[in-house]
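Enquirer: Got a sequence here, can you model it:
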Amino acid sequence: MSRRILLLLILAATLLVAAARLSALVLVEPRYDQAFFAWWVRSLVDAPHFWPHALPGDSLFEALKTDTGSVLHQLFRNIYNKPTSLLTLVPLAVVRAGAVLAGESYLTQTAISIMWACLLLPLLGSFGWWGRRAGAHPHGIALLALTLAAVNPVLFWFSPLGIHNFGIVGLVAAVAATEARLGARTRGEPPSCRRKTEIGLHLLALYSHWTTAFLLPASALATRWLAGGTWRQRWRLVLGYAPVPAILGLSLAPLLALEFFRPAEGQVHSLAAVTRMTNVAEAGQLAASMLAGARIWLGMAKDGLGPAGTLGALLGLGLLWRRGVRGPALVVLIHFALFLAMPGFSGAGLRLFPYALPFLCLGLAQLLIGLAGRGIRWRGAAALLLAVHLTGQIPPLLSSARAEAALPKMWAFYYRGQSELRPMIRDMDAAIGTDGVLLSWSYGTYCVHEALREGPPMAAVLDGLWLRHTQGSLDAYLARRPVIRGGRVFLVTEDWELAQQSPPLTEILPVVLGPKGLGLRVHPRLVPVAHWALTTSTPGDTTLWEVLEGEAD
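Expert: Predicted coordinates for the structure are as follows:
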């Protein structure tokens, strides 16, 4: 097969899959994770000026902290409050650039996510060039891996779900770059991927999502060390990777320094919290944690590839290892080890398992092509295994009912209750009118509204104001914020928040809405306006309240 025909096949397959996914999935609604990122993009778009405006006597740093109309404030506020957001700058830049061309609506952001996820297909389709050590038919392996990824139900339904798709594509691109360089070195050929290009792709992957920071550096260093040669050659290869962790460490250093000044309470997204989330289980619980992690990983592999497909993929990765293509197997091995040792990693498995799927598809393709090349009987066995695999993979792509049956956990978390949120937000905005002030109790509901709204933004999040009050910083915070003005005042809450909040909202609202707070109501009284019984995982059942002025006790 000529190079031109191969490239045309890869392009045609990618465009066909992109069109199918866009037509089926572009109207997907967000859950909290996707809503947070969508709000971040909209906050950058809505900011009226780039550079922070300083008040008299303010330093530049003070202006950066307080000028909510500055693009720089909106950028760095979220990185400060959630430091792992620093490692999502690539999707932020891409989606922000897309907003210039097509607007910042959530529909646009979903379309970008789907199209970016489809870049995985040409990366796998190019395996014939970056994985030439795999055997006699690397382009056959490449086209089959592309096909397996294209019809994989997890990758299909995961494609509209935002920034993890950037991380997956970046991870595969980085592994491909390393294998291309090491493969050329093994064959004594000029490198098909320059070192600067390889380093650049690794950095892009690391800044696509923080998950890649756990998978990529370790696998890249191990791949270099196992590339063979003398000890001196191995150390040269390993040290040649030094710019990647050095740049990553330098960019994280200011955030590590800020940890010393961060309030101890209420920072659920701090670097310390991330460390706790990914902490290795304690010695006494390690065996149980490892067993649970293995069960979760294998269960998700079964959902994504089926039992036979999973076994075939692992055997195929072993064959790739024997032929010198070790990067894919190392990523999967490290991925599995993280599920074993880190409860926080396995607990986020719905979001993190898809990082292994492209490499598992590659392994399965290697096994099938290898079997087909062993003679007529083995070719029949390979065809039968492929047919059985596709029989399980394709039905969940064809209907929601089949997808829910095949992927129950993924469906319950991301897809149950789809089409409920946009009507709720429209009804909410219509009830408020043009002069109303809309407040939210929690950031989750706030981000969902901001992701899907077609009208004015929410004015404030009361949970955050109450936290500042308990820390003694509310007065200073509000002194530098624009005064909220409006007629009617409304509050959005989830029902579970009212049931579990301590102290109750009746004690909190006079503080955050009264004269020492937002100055909107002295004696706030809640009157229900609308209620939505939702089947979504997030948010839960939601109530819109009008906040009226009550009488003094």
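Enquirer: residue boundaries of the helices in the stretch 251-400 of the chain?
Expert: 271-277, 286-322, 327-341, 343-347, 349-352, 357-372, 376-393, 395-398, 400-406 (DSSP state H, counting those that start in this stretch).
Enquirer: Same question for the stretch 51-200 of the chain.
Expert: Using DSSP H, counting those that start in this stretch, helices in the stretch 51-200 of the chain cover 60-66, 71-81, 89-102, 106-117, 120-125, 127-130, 138-150, 153-158, 164-187, 195-206.
Enquirer: re the thing from before, tabulate the helices of the stretch 251-400 of the chain (JSON lines), appending mean pLDDT and distance to Asp67.
Expert: All C-beta spots, glycine's among them, are computed from the backbone N, C-alpha and C. Shown next, in JSON lines, are the helices of the stretch 251-400 of the chain (pLDDT from 0 to 100; distance: least, Cβ to Cβ, whole Å):
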{"stretch": "helix 271-277", "mean pLDDT": "52", "distance to Asp67": "25"}
{"stretch": "helix 286-322", "mean pLDDT": "94", "distance to Asp67": "44"}
{"stretch": "helix 327-341", "mean pLDDT": "96", "distance to Asp67": "40"}
{"stretch": "helix 343-347", "mean pLDDT": "88", "distance to Asp67": "35"}
{"stretch": "helix 349-352", "mean pLDDT": "96", "distance to Asp67": "33"}
{"stretch": "helix 357-372", "mean pLDDT": "96", "distance to Asp67": "42"}
{"stretch": "helix 376-393", "mean pLDDT": "92", "distance to Asp67": "51"}
{"stretch": "helix 395-398", "mean pLDDT": "96", "distance to Asp67": "47"}
{"stretch": "helix 400-406", "mean pLDDT": "96", "distance to Asp67": "45"}
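Enquirer: Sketch out the low-pLDDT regions of the protein for me.
Expert: 1, 134-135, 186-192, 259-284, 553 (pLDDT under 70).
Enquirer: related to what we said a few turns ago, among the helices of the stretch 251-400 of the chain, which comes closest to His202?
Expert: helix 327-341 (11.6 Å; Cβ to Cβ).
Enquirer: how much does the closest one deviate in direction from helix 138-150?
Expert: Orientation of helix 327-341 against helix 138-150 (axes from the mean of the first three to the mean of the last three Cα atoms, to 10 degrees) gives an angle of 40 degrees.
Enquirer: Show me what helix 327-341 is packed up against.
Expert: Helix 327-341 is packed against helix 164-187, helix 212-225, helix 286-322, helix 343-347, helix 357-372, with contacts defined by 3 or more Cβ pairs under 8 Å, 6 or more residues apart in numbering; DSSP states H and E.
Enquirer: So which of these is nearest Ala406?
Expert: Nearest of the helices and strands packed on helix 327-341 (Cβ to Cβ): helix 286-322, 6.9 Å.
Enquirer: what angle sits between the closest one and helix 357-372?
Expert: 50 degrees.
Enquirer: Flag every buried residue along helix 286-322.
Expert: With burial defined by 16 or more other Cβ atoms under 10 Å, the residues of helix 286-322 counted as buried are 289-290, 292-293, 296-297, 300-301, 303-306, 309-310, 312-314, 316-317, 319-321.
Enquirer: who does it touch, helix- and strand-wise?
Expert: Against helix 286-322 (3+ Cβ pairs under 8 Å, 6+ apart) you get helix 153-158, helix 327-341, helix 343-347, helix 349-352, helix 357-372, helix 376-393.
Enquirer: could those go into CSV alongside mean neighbour count and distance to His469?
Expert: Output for these, formatted as CSV (neighbours: other Cβ atoms under 10 Å; distance: least, Cβ to Cβ, whole Å):
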stretch, mean neighbour count, distance to His469
helix 153-158, 23, 40
helix 327-341, 22, 39
helix 343-347, 20, 30
helix 349-352, 20, 33
helix 357-372, 26, 46
helix 376-393, 14, 53
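Enquirer: The ones you listed into TSV, with extra columns for distance to Ala222?
Expert: Output for these, formatted as TSV (distance: least, Cβ to Cβ, whole Å):
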stretch	distance to Ala222
helix 153-158	25
helix 327-341	5
helix 343-347	19
helix 349-352	20
helix 357-372	14
helix 376-393	29
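Enquirer: Which one of the helices of the stretch 51-200 of the chain lies nearest to Glu404?
Expert: Among the helices of the stretch 51-200 of the chain, helix 153-158 sits nearest to Glu404 (Cβ to Cβ), with 10.1 Å.
Enquirer: Could you name the helices and strands sitting against the closest one?
Expert: Counting by 3+ Cβ pairs under 8 Å, 6+ apart, helix 153-158 packs on helix 3-25, helix 286-322, helix 357-372, helix 395-398, helix 400-406, helix 408-410.
Enquirer: and with 6 Å instead?
Expert: helix 395-398 (3 or more Cβ pairs under 6 Å, 6 or more residues apart in numbering; DSSP states H and E).
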